[in-house]
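Peer 1: below is the sequence, then the predicted model.
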Amino acid sequence: MKTLLTGANGLVGSTLDADIKVSGRREVDLRNWEETYNLFKKERPTHVIHTAARVGGLAANIHNMGEFFYDNMMINLNVLEAARRTDVKKVVSFLSTCVFPAEVEYPITEDKLHEGEPHLSNYGYAYAKRMLDVQARAYNDQYGISLGGLGFMSFNGKYISVIPTNIYGPNDNFELENSHVVPALIHKCYLAKQNKTDFMVWGSGEPLREFIYADDVGDLTQLILESYEDETPLILSNSQEVRIRDLVKIIVEAMEYKGRVFFDESKPDGQYKKSTNNSKLQTFVPGYRFTSLKKGIEQTVKWFIKNYESCRK
Ligand code: GDP
């Protein structure tokens, strides 16, 4: 097995081992067909983990709708096509639960991915990611298995998409305004402790989210690469809903913050819940022991404090 990893510096990418790591557009611009194809022809990987994407918070998505659509479409079209032309055996690509329909019946299951419009705030990103699933399906249909000369079946390649819930962990983007809830709140709590100010949390604290530690996503991805054979997408989640208020308590404890916590209800709550059904994952890895949120947060907080000067923030 010779593995190529795209997005090697990202939250998931940094937890994974690979023979060839591509970490940014200065190295290889995956939006560019020639550069992408040359990489695959030169390295000849047998397996690909594709995590690279143009990502950003709410504001970045709203203001760059066209760029988010174009960049992600090009990256995915190029990576899967280059993999196909160089006979890669398996490609595992990353989607995200925020590409599901804005109005969807809970709990979310894999088959609901295309059953309605994504949220208006990120439809450029969401449709491009959904097309990755369409491309994978079309490639599995056309190229996955072929009939040889004497009617022998021959296996050419497999394209799998995974859909993790809210990933957190070291190496995340800890920006205050534009990052996801875990890194944003870790950073805010850190500053509140340093500056002896209130710890300000957005919204009512009531919404529910599911969190998965980046190392677990890394482990599961490795298992999927080695032995997951189903071609339809797979949700990666422990399917345990956590109230934002309880997440805040865990962060406060891990940071040993003794000051006041303030819920700023003038800030948005966003969707109330995004629960998933992880039965498909449970069937694949029965009894998989997810890292507890408490332990994952403790490790992330420790990492953040240690790497405060150099981390993305
Ligand atoms: P979402 O799952 O796409 O909505 O992503 P987020 O990771 O941004 O989670 C948003 C939830 O966390 C919402 O209910 C917010 O109100 C709540 N939240 C509380 N404080 C913060 C914060 O400082 N940053 C972010 N991004 N969300 C926060």
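Peer 2: Looks like it arrived, so ask away. Every value quoted in this text rests on a predicted model; they were computed, and no experiment measured them. Residues are numbered from 1 along each chain as shown.
Peer 1: count the neighbours of the residue nearest to Asn78 when sequence neighbours are not counted for me.
Peer 2: Distances taken as C-beta to C-beta, 6 or more residues apart in numbering put Thr36 closest to Asn78, at 4.0 Å, once the chain neighbours are dropped. Just so you know, the C-beta spots here come from the backbone N, C-alpha and C atoms, and that holds for glycine as well. Here the number of neighbours of Thr36 (other C-beta atoms under 10 Å) works out to 24.
Peer 1: quick one: contacts for Thr36?
Peer 2: In this structure, Thr36 makes contact with 28-30, 78-79, 82, judged by C-beta atoms under 8 Å, 6 or more residues apart in numbering.
Peer 1: could you dump the strand ranked longest in the chain to CSV, C-alpha only?
Peer 2: The longest strand of the chain (DSSP state E) is strand 158-164. Extracted C-alpha coordinates of strand 158-164, given in CSV (Å, rounded to 0.1, in the frame of the first residue of the first chain):
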residue,chain,number,x,y,z
LYS,A,158,-13.2,2.2,-5.3
TYR,A,159,-14.3,5.7,-4.4
ILE,A,160,-15.7,6.1,-0.9
SER,A,161,-17.0,9.3,0.9
VAL,A,162,-17.1,9.8,4.6
ILE,A,163,-19.1,12.4,6.5
PRO,A,164,-17.7,13.4,9.9
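Peer 1: using the three-state scheme, assign Glu231.
Peer 2: Three-state assignment for Glu231 (DSSP: H, G, I helix; E, B strand; the rest coil): coil.
Peer 1: that older thread, centre of the chain to the longest strand of the chain, how far?
Peer 2: Its chain's average C-alpha position is 11 Å from that of strand 158-164, according to C-alpha atoms, centre = their mean, to the nearest Å.
Peer 1: same question, stretch 271-284
Peer 2: The answer for stretch 271-284 is 15 Å, by C-alpha atoms, centre = their mean.
Peer 1: picking up where we left off before, that's a strand at the residue nearest to Asn78, yeah?
Peer 2: No - Thr36: not assigned to a strand; according to three-state DSSP it is helix.
Peer 1: related to what we said a few turns ago, closest one of the contacts of Thr36 to Gly203?
Peer 2: Closest approach to Gly203 among these (C-beta to C-beta): Leu30, at 35.4 Å.
Peer 1: count the residues that sit near that closest one.
Peer 2: Residue neighbour count, defined by other C-beta under 10 Å, stands at 26 for Leu30.
Peer 1: surely it forms part of a helix?
Peer 2: No - applying three-state DSSP, one finds Leu30 to be coil, outside a helix.
Peer 1: and it, what does it touch?
Peer 2: 6, 22, 36, 52, 74-75, 78-79.
Peer 1: same question, Gly169
Peer 2: Contacts for Gly169 (C-beta under 8 Å, 6+ apart) come out as 11, 15, 213-215, 296, 299-300, 303.
Peer 1: how about it: what's its closest non-neighbour residue?
Peer 2: The shortest distance from Gly169 to any non-neighbouring residue, by C-beta to C-beta, 6+ apart, is to Ala214 (3.1 Å).
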